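The sequence isn't on hand, but the structure is:
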C-alpha cells in the first residue's frame, strides 16, 4: 500500500512567489517522522526539513516551512520567495518511528517544480 | 565537514556481471542505508547497516548484498545483473541513536546495465 502520496507531478511558480507542494501520508504508527528532500538534475538528494509526529509547531528552515496537519495526515512543503535555483524534483518521505534506529524512509513519487523568471 | 561520498559516479555493465558500489558516510555518522531510484520514481529502500550488520532490508532479492566496515563505510554488491537493475543508487548516512535520524544522501552512482 502506498504510504506517501504526492499528487502534483509538476508545478510551475513565478520567481519570488511562494509555492506549496502537497504530501499526504498513511500510517497507523503514532510515532513517525516526515521529511522533504530536493533532488536537482545532478541526482543528489538534499535534506530540506523534518517534522516529528509529536512536534507541536510546524517546522521551518529558512525559506522552507512544513504545513503539518496531523488529523488530515498531510505535510505540505511551502517554499517562500522562489528562486530559479529551486527548480528541481521534490520528494516527501516518511519514517515510521522517531529514532534513527527505526529504519528506512518511504518516499513519494515526487513533484517537479519549475521556477519561471 | 565532509558529506557523504560515493564511488564510482557512473558505471556501465552487461547482464550477468557483478558490480560493487562504495559509500563513505558523513563525519560522525555510524549508519548507512542504500536506496535504488529508477527513472521517474522515488528511491526504494534496499537495506541498512549498523555495527557492520544488516539491520533492515527492503523488498530486494538476495542478489543484492552489502557490507559495512569498521570505519562505517559501506559497499553494495549486486550479482547477476539484470537490465532492470539500471538505476541511480543512493547511499545515505545517519546516526543510529539520533532523535530524528535524518538521513543525508550522497551524490549517487548511476548504473547502466546493457
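Arrived safely, thanks for sending. Remember, it's a predicted structure, so these values are computed and weren't measured experimentally.

make it CA atoms for all contacts and neighbour counts henceforth
Will do.

Run through the residues of chain B sitting next to chain A.
B:33, B:40-45, B:47-48, B:56, B:88, B:94-108 (CA under 8 Å from any CA of the partner chain).

PyMOL command for the buried members of the residues you listed?
Only the buried entries of these go into this PyMOL selection, using 16 or more other CA atoms under 10 Å in any protein chain shown:
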select buried, chain B and resi 33+42+43+44+45+47+48+56+88+94+95+96+100+101+102+103+104+105+106+107+108
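
if you look at the residues of chain B next to chain A, which of them are in strands?
Counting by DSSP state E, those place B:33, B:44, B:45, B:47, B:48, B:56, B:88, B:94, B:104, B:105 in strands.

which ones are touching the nearest residue to the first one once chain neighbours are set aside?
It refers to residue B:33. Spatial nearest neighbour of residue B:33, excluding adjacent residues (CA to CA, 6 or more residues apart in numbering or on different chains): residue B:48 at 4.1 Å. Residues near residue B:48 by CA atoms under 8 Å, 6 or more residues apart in numbering or on different chains: A:103, A:104, B:31, B:32, B:33, B:34, B:54, B:55, B:56, B:57.

Could you rerun that using 7 Å?
By CA atoms under 7 Å, 6 or more residues apart in numbering or on different chains, residue B:48 lies in contact with B:32, B:33, B:34, B:54, B:55, B:56, B:57.

and the residue of chain B nearest chain A?
Chain A sits closest to residue B:101 of chain B, with a gap of 3.5 Å, by CA to the nearest CA.

correct me, but that residue touches residue B:95?
Yes: counting by CA atoms under 7 Å, residue B:101 touches residue B:95, with 5.7 Å between them.

tell me the pLDDT at the residue of chain B closest to chain A?
At residue B:101, the pLDDT value in this model is 82.

before we move on, what about the one 4 residues further on?
In the predicted model, residue B:105 carries a pLDDT score of 96.

low pLDDT regions in chain B?
B:1 (pLDDT under 70).

show me where it has helices.
Using DSSP state H, no helices are assigned anywhere in chain B.

Look up the closest residue to residue 34, ignoring the ones flanking it.
As the question left the chain open, I've gone with chain A. Distances taken as CA to CA, 6+ apart place residue A:94 nearest to residue A:34, at 4.6 Å, with adjacent residues excluded.

wrong one, chain B
residue B:91 (4.6 Å).
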